[in-house]
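S.K.: Give me a 3D structure for the following:
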Amino acid sequence: MTRYSLRQLSMIGFASLLVILTIAGYTASASLAADAETDTVSMGVTIAEQPYVPWTEIISGKEGSYFFYRGLEYGSQALIHPLRLIVNGGYGIMQVENRDNRPSRIMYARGAKNVTENILRPGWSIGINGLWDFLSREVIPISINSGNAQYWPNYMNHLLGGGMSYRMMTEYFRYHDSRHPKFMAGLTIFAYHFLNEVVENNDYIGPTTDPVADFWIFNPAGIILFSNDKIARFFSETLHMSDWSYQPVFLPWREELQNIGQNFAVKYHLNERGSTSIFYHWGTHAELGMSFTRPDGRCLSFGLGLVAKNLVKIDQISKTVDLAASAGIFYDRNHSLLVSLLMARTKDYRYRLNLYPGFVDTGPFKPGIFVALGRENRIMAGITFGTLKHVPVGLGGGF
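M.R.: Coordinates of the predicted model:
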């Protein structure tokens, strides 16, 4: 007979609870959908009360096309904001194991100086190992060895993710009646990418090709790519690409940012009804699986994959990551994420549950809830409020 320690039992119980919450939420919301016309719910899952609106590129009363931002008041869509994008994207590298989660420990001035020097003097860093080494590692996808495949995050996170984020921010600013939506979106994307490079660089002084590839090739290429309506429409209406970023929280007494990172998801339908789809979810990780969608837009997705564990220096100018296994369960409506449960042996978490605003009804504040079990079996939790649009970070604690 297998014996389990109290610690192991607590881990098993916590993981089981998270799975039960996710599945129960999906089941409850499906049940509520059937009763929505005759029953009113005062506490619990309330997304069923929201009318189903098919995802189209036209929003009544708004000019232009909307491929990635719909102004929905629930789920991950309710949290889309330029400041939140900058925080999630800029500090996302803190998720890997050999990085500190305390923003106050980052040497911003030193990092900004080194990143700027490398961007303005691309020949300096490229010349260390030569042009072919730079192209084969950072640009041309010819190697599957992780030590020579820095091009993968460049294509997925900077070209596609960054390009989609630019288009999404353009739509966000246009939706909110900004006079210069493209300029404001470009400013947001620049701030996000530059902060990301500064945080990753930290105290290093010297040549590095990573910001060169990002700022001179992939970031501008992504903006150009997604500025084209036909390409944006393909990613929106054929691949159903969405921003499923985390809900950042700050732990005051530890001065840490937790639950940070920008994530994306795509679904490719396998039938005309769109009820079954190939599913792919990525950020500093990648999970491949399947999605199953109801006619009212509710969708349950599952995926298995890999997550970035450590940032590893290959040589004087190049870095890569080593990987760990990961798995995820996701529940969304109209491509706006409501629940995500991720499992992986990363630096901070074994299990991470995010309940997004609108999934639980607690009145007008629309809280988003984050709960995680750490590697040392410590529980961490935090809360954000969807109604506080200009506050990109919630508050959290641990015990």
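
S.K.: So which residues of the stretch 151-300 of the chain form strands?
M.R.: For the stretch 151-300 of the chain, the strands defined by DSSP state E, counting those that start in this stretch occupy 242-243, 249-251, 256-258, 264-269, 276-282, 285-293, 298-313.

S.K.: contacting residues around the first one?
M.R.: The one in question is strand 242-243. Strand 242-243 is contacted by residues 68, 76, 80, 164-165, 168, 262-266, 332, 335-337 when judged by Cβ atoms under 8 Å, 6 or more residues apart in numbering. Backbone N, C-alpha and C define where each C-beta goes, glycine included.

S.K.: farthest pair in these?
M.R.: Largest separation among those by Cβ to Cβ: Ser165 and Asp332, giving 18.3 Å.

S.K.: Can you tell me how far the closest residue to Tyr151 other than its chain neighbours is from Asp177?
M.R.: Once flanking residues are discounted, Tyr151 sits nearest to Pro141: 5.1 Å by Cβ to Cβ, 6 or more residues apart in numbering. For Pro141, the distance to Asp177 (Cβ to Cβ, to the nearest Å) stands at 41 Å.

S.K.: can you pull the contacts of Ser165?
M.R.: Residues in contact with Ser165 (Cβ under 8 Å, 6+ apart) are 85, 89, 189, 192, 243, 262.

S.K.: Helix, strand, or coil at the first one?
M.R.: Read that as Leu85. helix (DSSP: H, G, I helix; E, B strand; the rest coil).

S.K.: Check what pLDDT it gets.
M.R.: The score at Leu85 is 97. That number is its pLDDT.

S.K.: ok, the nearest residue to it once chain neighbours are set aside to Gly303 distance?
M.R.: In space, and not counting its chain neighbours, Leu85 is closest to Tyr192: 5.7 Å by Cβ to Cβ, 6+ apart. For Tyr192, the distance to Gly303 equals 25 Å [Cβ to Cβ].

S.K.: neighbour count winner among those two?
M.R.: Between Tyr192 and Gly303, counted using other Cβ atoms under 10 Å, Tyr192 has the larger neighbour count: 25 against 22.

S.K.: quick one, what contacts the spatially most central residue of the chain?
M.R.: The centre of the chain sits closest to Asn263, judged by Cα atoms, centre = their mean, with a distance of 1.9 Å. The contact partners of Asn263, by Cβ under 8 Å, 6+ apart, come to 243-246, 281-283, 285.

S.K.: Equivalent analysis for Leu306, please.
M.R.: 285-286, 323-326.

S.K.: Run through the bridge partners of it.
M.R.: Ala286, Ala325 (DSSP bridges).

S.K.: What separation do you get for it and Ile369?
M.R.: Here Leu306 is placed at a distance of 27 Å from Ile369 (Cβ to Cβ).

S.K.: Please apply the same query to Tyr246.
M.R.: The gap separating Tyr246 from Ile369 is 12 Å, by Cβ to Cβ.

S.K.: For the two, indicate the residue with more neighbours.
M.R.: Tyr246 (28 against 20).

S.K.: And the helices in this structure, which stretches?
M.R.: Ranges of helices in the chain, per DSSP state H, are 6-35, 82-90, 108-120, 122-129, 131-134, 151-153, 163-175, 181-201, 210-213, 219-226, 229-233.

S.K.: packing partners for the fourth one?
M.R.: The contact analysis (3 or more Cβ pairs under 8 Å, 6 or more residues apart in numbering; DSSP states H and E) places helix 122-129 against helix 108-120, helix 210-213.

S.K.: Repeat the analysis, applying 6 Å as the threshold.
M.R.: Judged by 3 or more Cβ pairs under 6 Å, 6 or more residues apart in numbering; DSSP states H and E, helix 122-129 is in contact with no other helix or strand.

S.K.: got the contact list for it?
M.R.: Outside helix 122-129, the residues within contact range by Cβ atoms under 6 Å, 6 or more residues apart in numbering are 118, 134, 207-209, 212, 317.

S.K.: Could I have the PyMOL command that selects the buried members from those?
M.R.: Listed next is the PyMOL selection for buried residues among the contacts of helix 122-129, using 16 or more other Cβ atoms under 10 Å:
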select buried, resi 118+134+207+208+209+212+317
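
S.K.: Tell me the one of the contacts of helix 122-129 nearest Arg105?
M.R.: For the contacts of helix 122-129, the nearest to Arg105 is Thr208 (19.8 Å; Cβ to Cβ).

S.K.: and the gap between the closest one and His281?
M.R.: Computed with Cβ to Cβ, the distance linking Thr208 and His281 is 29 Å.

S.K.: Likewise for Ser60?
M.R.: 31 Å.

S.K.: Low-confidence ranges, the stretch 151-300 of the chain, go.
M.R.: By pLDDT under 70, the stretch 151-300 of the chain contains no weakly predicted segment.

S.K.: so which of the contacts of helix 122-129 comes closest to Gly394?
M.R.: Ranked by distance to Gly394 (Cβ to Cβ), the contacts of helix 122-129 are led by Thr208 at 32.9 Å.

S.K.: residues contacting Met241?
M.R.: With Cβ under 6 Å, 6+ apart, Met241 has these contacts: 164, 235, 266.

S.K.: Make TSV out of these and add distance to Asp296.
M.R.: Shown next, in TSV, are those (distance: Cβ to Cβ, whole Å):
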residue	distance to Asp296
Met164	25
Phe235	23
Val266	21
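
S.K.: who wins for neighbours among those residues?
M.R.: In terms of neighbours by other Cβ under 10 Å, these top out with Met164 at 23 neighbours.

S.K.: can you tell me which residues contact it?
M.R.: 226, 241.

S.K.: shouldn't Phe67 be in contact with Ala232?
M.R.: Yes: assessed by Cβ atoms under 6 Å, Phe67 is found in contact with Ala232 at 4.6 Å.

S.K.: and Tyr349, what pLDDT?
M.R.: For Tyr349, the pLDDT comes out at 84.
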